[in-house]
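**Q** I'd like to go over a predicted model; first the sequence, then the structure.
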Amino acid sequence: MTFDEKKHMETTVPTKYWHKLEDGRIQCDLCPQHCKLKNAQRGICFVRACQNEMIVLTTYGRSSGFCIDPIEKKPLYHFLPGTPVLSFGTAGCNLTCKFCQNWDISKSREMDTLCDTASPEMIAQAAKENGCSCVAFTYNDPVIFHEYAIDTAKACHERGIKTVAVTAGYVCPEPRKEFYAHMDAANVDLKGFTDSFYKNYCGGHLEPVLDTLVYLKKETNVWFEITTLLIPTLNDSESEIDEMTKWIMKNLGPDVPLHFTAFHPAWKIENLHPTPPSILFRARTIAKQNGLHHVYTGNIQDNTGGSTYCHRCNKKLIGRNGYILTEWNIIKNGVCKFCETKCEGVFCEKPGTWGAKRLPARIK
């Protein structure tokens, strides 16, 4: 189906991950929410709906806006550092996080949020013309606009542009396999490490996210990093951080970068204070004590916690001041120039020079 045909259908396209129940409802099988819908009903994500006894995506080709970001903003610190990435999202989300930092997009129930219209080919061409190394599916979870993201990834790869998914990892095995077959990198939000936290504050469960992380590590070549937003009193206890980082070490190994980021009051949790830097410093210490090589702090000013160090000689490989690269001591293929130890990741021979710029982009 061509984009013009899709546009004629008012951006609604059929999907394939669903089945019909005995009571006549249609169950969406894209994610573990397994929404069971009657005709004209929408799923939790808002963008997948039941029409004519099938599940359709209602936002194909429509975005909440485009922006050129530093790749470090995703955050990805070991994937083409210093390069620009064309970022976009749609509306809705398949989790209901009460602390969502992008709530104006992910919680939107208004189609007017989708102000920009662009085909996959238009997005890929815009990335190329603007000198972007990648296109990132972000701001809300790309899992819910599965078909649009995959078609865009195909168009990007035809032009030598890589693709990045910023996701909560809340997806069923079959669509997960198809989705990540078209992704080059991902940042997965591990929102906490108890099922009760996921149930009470995210509207989901922990186990599917852990399954996605293990899948990425063992079954794909996708470069991925993990982000945990630490929320005071809710998911920041030393015992939980200890348990989580031990699990990462055991199941994913020491080289998966982990980002601890600071919470700021938002959406339905405005009664808590922002995360003190001391909590992030403590979390980083625990993670490194448990064997993780690359642990970062985010949403605060911390040049030490934002820089990359060789896990063998402990010398600085990539210095960062926020999103700006200040040092580069990596030689070919991510090797430390001081002791020749390999730093895992996807690195250019020279650092990118995009810096901290964030530029709105229009797709024409």
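**A** Happy to help now that I have it.
**Q** Helices of the stretch 201-350 of the chain, start to end?
**A** Secondary structure of the stretch 201-350 of the chain by DSSP state H, counting those that start in this stretch: the helices cover 207-219, 238-252, 277-289, 303-306.
**Q** Redo the ones you listed as TSV? Include mean pLDDT and distance to F66.
**A** In this view, the C-beta of every residue, glycine as well, is placed from N, C-alpha and C. TSV is the format used below for the helices of the stretch 201-350 of the chain (pLDDT from 0 to 100; distance: least, CB to CB, whole Å):
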stretch	mean pLDDT	distance to F66
helix 207-219	98	26
helix 238-252	98	32
helix 277-289	98	30
helix 303-306	98	26
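**Q** measure the closest residue to K246 other than its chain neighbours to E240 for me?
**A** Among residues not flanking K246 along the chain, N290 sits closest, at 5.3 Å (CB to CB, 6 or more residues apart in numbering). As defined by CB to CB, to the nearest Å, N290 lies at a distance of 13 Å from E240.
**Q** now H311
**A** H311 is 24 Å from E240, by CB to CB.
**Q** ok, now C28?
**A** Distance, C28 to E240, by CB to CB: 31 Å.
**Q** Which one's more surrounded, those two?
**A** Each of C28 and E240 has its neighbours counted (other CB atoms under 10 Å); C28 has more, 24 against 19.
**Q** one step back: what about the residue nearest to K246, neighbour count?
**A** Neighbours of N290 under the rule other CB under 10 Å: 19.
**Q** List the contacts of the residue nearest to P32 when sequence neighbours are not counted.
**A** Sequence neighbours aside, P208 is the residue nearest to P32 in space, at 4.7 Å (criterion: CB to CB, 6+ apart). When contacts are counted by CB atoms under 8 Å, 6 or more residues apart in numbering, P208 touches 31-32, 169-172.
**Q** Nearest to H146 among the residues you listed?
**A** When these are ranked by distance to H146 (CB to CB), V171 comes first, at 8.3 Å.
**Q** Surely that closest one is in contact with C31?
**A** Yes: at 5.2 Å, V171 counts as touching C31 under the criterion of CB atoms under 8 Å.
**Q** tell me, what's touching these two both at once?
**A** Counting by CB under 8 Å, 6+ apart, the residues touching both V171 and C31 are 143, 208.
**Q** tell me the contacts of the residue nearest in space to the middle of the chain?
**A** By CA atoms, centre = their mean, the chain has its centre lying nearest to V166, at 1.2 Å. Neighbouring residues of V166 by CB under 8 Å, 6+ apart: 74, 136-139, 141-142, 186-187, 189.
**Q** Work out for me the element it sits within.
**A** Per DSSP states H and E, V166 falls inside strand 162-167.
**Q** need the next SSE after that strand, C-terminal direction.
**A** Following strand 162-167 in sequence order, the next helix or strand is helix 173-180 (DSSP H and E).
**Q** Can you report phi and psi for the residue nearest to K246?
**A** Phi and psi for N290, reported as degrees, to the nearest 10, are phi -80, psi 0.
**Q** Surely it touches M244?
**A** No: judged on CB under 8 Å, N290 makes no contact with M244 at a distance of 9.2 Å.
**Q** overlap in contacts of the two?
**A** The contact sets of N290 and M244 do not overlap (CB under 8 Å, 6+ apart).
**Q** measure the residue nearest to R312 when sequence neighbours are not counted to A118 for me?
**A** Spatial nearest neighbour of R312, excluding adjacent residues (CB to CB, 6+ apart): T341 at 4.1 Å. Noted for T341: a distance of 43 Å to A118, by CB to CB.
**Q** who's more crowded, these two?
**A** Using other CB under 10 Å, the more surrounded residue of T341 and A118 is A118, with 21 against 14.
**Q** List the residues that contact the more buried one.
**A** By CB under 8 Å, 6+ apart, the neighbours of A118 are 61, 63, 66, 126, 363.
**Q** 6 Å instead, please
**A** By CB atoms under 6 Å, 6 or more residues apart in numbering, the contact set of A118 is I363.
**Q** cool, and the one 5 residues further on?
**A** Taking CB under 6 Å, 6+ apart, we find I123 in contact with T152.
**Q** Name the next helix or strand downstream of the stretch of helix or strand it belongs to, please.
**A** Using DSSP H and E, I123 maps to helix 120-129. Going down the chain from helix 120-129, the next helix or strand is strand 134-137, by DSSP H and E.
**Q** which non-adjacent residue is nearest T227?
**A** T227 sits nearest to H259 (CB to CB, 6+ apart), 4.4 Å away.
**Q** was I right about the one you found contacting Y296?
**A** Yes: under the criterion of CB atoms under 6 Å, H259 makes contact with Y296 at 4.7 Å.
**Q** Could I get the buried residue list for stretch 17-25?
**A** In terms of neighbour count (16 or more other CB atoms under 10 Å), stretch 17-25 has its buried residues at 17-18.
**Q** Run through who's touching it.
**A** Residues outside stretch 17-25 that contact it (CB under 6 Å, 6+ apart): 26-30, 36-38, 55, 175.
**Q** Hmm, M183 is touching K162, no?
**A** No: counting by CB under 6 Å, M183 stays clear of K162, with 8.8 Å between them.
**Q** if we can go back for a sec, who are the contact partners of the residue nearest to K246?
**A** 245-246, 249.
**Q** cool, and V135?
**A** 86, 127, 156, 161, 163.
**Q** what are the ranges of the strands in the stretch 1-150 of the chain?
**A** 13-14, 18-20, 26-28, 36-37, 48-51, 54-57, 62-63, 65-70, 84-89, 116-117, 134-137 (DSSP state E, counting those that start in this stretch).
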